[in-house]
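*Asks:* below are the sequence and a predicted model; questions follow.
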Protein chains: 2
Amino acid sequence: MDKKYNVEVCFSPFHIPLYELSRKAVVVIDVYRATSAIVAALGSGVERIIPVSTLEEARKYRDKGYITAAERQGAVVDGFDLGNSPLSFVNGQYKGKTVVLSTSNGTKALLKATAAKEIVVGAFLNQTAVADYLAESHESVMFLCAGWRDRFNLEDTIAAGAMSQLLLERGWNTECDSCLASMRLYDMAKVDIEGFMHQASHTNRLKHLQLHEDIVYCNSIDLFDVVPIFNAKGEICLKQTHGIHAS
Amino acid sequence: MDKKYNVEVCFSPFHIPLYELSRKAVVVIDVYRATSAIVAALGSGVERIIPVSTLEEARKYRDKGYITAAERQGAVVDGFDLGNSPLSFVNGQYKGKTVVLSTSNGTKALLKATAAKEIVVGAFLNQTAVADYLAESHESVMFLCAGWRDRFNLEDTIAAGAMSQLLLERGWNTECDSCLASMRLYDMAKVDIEGFMHQASHTNRLKHLQLHEDIVYCNSIDLFDVVPIFNAKGEICLKQTHGIHAS
């Protein structure tokens, strides 16, 4: 087995300085809910998403007439059209549109990964499409969990574990303990992701906000066969892949 | 249940800036092998251990006549008496002595935790003594995994999970996903710690160095009923606990 096909998992954007990214695809994962929302939006016909880190930037886009989504602490920020609920994007209302998105953890992780060879957006919603694409197009991959306030969280970790397993099934290797731990945790979680996540801190925070429907949706596997790429222009668009991954 | 009895796990010294430590006991864990060696040494009659971060400092102590242990990349550093093998300390040879210790990850973690209310040294070797002491003496605890080169590792995580479980069994709480993950991983590992660790990256690194006997020793549960404390004088000594934890 060729060692160059290598998988790593990084538990938090805070850890990025410890990794050399220039030859790696980085898959950013923020299951609840930023990357799930991006996958659902692009999978439902949104043309592009522009992630911005601050509310100030988001307001500037909004004032120019862009559809603008902004979330802080799990809620839609006052004065914005949308938050980061994936369900806001799936009814086809924003087909062909550009959406500007600012969230607590997910957009921050995306913007911190810009040293990578390519930045991919992953979630349970598109896990197999992501693994297939990585296996076709890259030799070294790091799954970057957005975490919560720069700390480890369970939901992003088990999604990283799920996608790592898909790569290992395709013959890839890992020598990364975070990756091994993620896969072990996913093994425990997979028969009942909702039950497993029931005890996690972030799930409880979202529960207080009555986002149960969102959580169930974000835990769904492979609803979309799409691979969103965060490109050098600062936009997230679907990868054009000879029709293989067209939704 | 009173929420003030709170457990957290921090996967790496690199993460310390994210935590407020002044009201917490911090338990530093470097299973392979620094904290296991400290527990074995103090449990076998060594009077005090002085951890130092650099080899330069270690050499200064050595030149003054101290027994000096220095490890880098798993091996004894040239010119030093000892490395970080716990087995070097268990034959009573250093009874009543002071030992100066410099290691790759463990001593660094100790020296980075100095903002804590109290710093405790933990390992599988003294896990129950540590949990008993924390339950008697503290209201908030963070287990700090030394990790490997500032990254997550499995062995320190499952030891943190073992001690977290002992505290939760004593009525403590956690809202920390790292703690939940550690306990889940320990649940999987506990029936066969050696088998579970077989795939971990650090174990493989140590295997190349033929340290199998050390690994088996470091995986042993509760060989010592001692609680080493890293005090404000920069020394690690046994906690005097009315005889409860005397070895």
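*Replies:* Yes, it's here.
*Asks:* show me the strands in chain A, by range?
*Replies:* With DSSP state E as the criterion, chain A has strands at A:6-10, A:25-29, A:48-51, A:67-72, A:75-76, A:98-102, A:118-122, A:140-145, A:228-230, A:236-238.
*Asks:* quick one: contacts of the last one?
*Replies:* Identification of contacts with strand A:236-238 by CB atoms under 8 Å, 6 or more residues apart in numbering or on different chains yields A:38, A:42, A:47-51, A:110, A:121, A:226-231, A:245-247. C-betas here are computed from N, CA, C, even on glycine.
*Asks:* among these, which ones are buried?
*Replies:* A:38, A:42, A:48-51, A:110, A:121, A:226-230, A:245 (16 or more other CB atoms under 10 Å in any protein chain shown).
*Asks:* from those residues, which single one is nearest chain B?
*Replies:* Taking CB to the nearest CB as the measure, chain B sits nearest to residue A:110 out of those, at 20.0 Å.
*Asks:* surely that closest one touches residue A:51?
*Replies:* Yes: judged on CB atoms under 8 Å, residue A:110 makes contact with residue A:51 at a distance of 5.1 Å.
*Asks:* give me the common contacts of the two.
*Replies:* A:230, A:236.
*Asks:* got a list of what the nearest residue to residue A:215 once chain neighbours are set aside touches?
*Replies:* Nearest non-adjacent residue to residue A:215, counting by CB to CB, 6 or more residues apart in numbering or on different chains: residue A:206, 5.9 Å away. Contacts for residue A:206 (CB under 8 Å, 6+ apart) come out as A:32, A:74, A:214-215.
*Asks:* and residue A:157, how far from residue B:133?
*Replies:* Distance, residue A:157 to residue B:133, by CB to CB, to the nearest Å: 30 Å.
*Asks:* same check on residue A:62?
*Replies:* 55 Å.
*Asks:* out of the helices and strands in chain A, which is least certain?
*Replies:* Lowest on mean pLDDT, DSSP states H and E among the helices and strands of chain A sits helix A:201-208, with a mean of 71.
*Asks:* pull the distance from that one to the chain's centre.
*Replies:* Helix A:201-208 has its C-alpha centroid displaced from the chain centroid by 18 Å (CA atoms, centre = their mean, to the nearest Å).
*Asks:* using CSV, list the CA coordinates for the lengthiest helix in chain A.
*Replies:* Identified as the longest helix of chain A according to DSSP state H is helix A:154-169. C-alpha atoms of helix A:154-169 as CSV (Å, rounded to 0.1, in the frame of the first residue of the first chain):
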residue,chain,number,x,y,z
LEU,A,154,-18.2,15.3,18.7
GLU,A,155,-20.4,15.9,15.6
ASP,A,156,-17.6,17.1,13.3
THR,A,157,-15.3,14.4,14.6
ILE,A,158,-17.7,11.5,13.8
ALA,A,159,-18.3,13.0,10.3
ALA,A,160,-14.5,13.1,9.8
GLY,A,161,-14.4,9.5,11.0
ALA,A,162,-17.1,8.5,8.5
MET,A,163,-15.2,10.1,5.6
SER,A,164,-11.8,8.8,6.8
GLN,A,165,-13.3,5.2,6.8
LEU,A,166,-14.5,5.7,3.2
LEU,A,167,-11.0,6.6,2.2
LEU,A,168,-9.4,3.7,4.1
GLU,A,169,-11.9,1.4,2.4
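*Asks:* next, the angle strand A:118-122 makes with it.
*Replies:* Between helix A:154-169 and strand A:118-122, the angle comes out at 110 degrees (axes from the mean of the first three to the mean of the last three CA atoms, to 10 degrees).
*Asks:* what does chain A put close to chain B?
*Replies:* With CB under 8 Å from any CB of the partner chain as the criterion, chain A meets chain B at residues A:11-12, A:14-15, A:18, A:148-154, A:157, A:175-178, A:180-181, A:184-185, A:188, A:199-202, A:204.
*Asks:* the residues you listed, buried ones only, as a ChimeraX selection?
*Replies:* Applying 16+ other CB under 10 Å to the residues of chain A next to chain B, the buried members can be selected in ChimeraX as follows:
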select /A:11,12,14,15,148,150,151,152,153,154,157,176,177,178,180,181,184,185,188,200,201,202
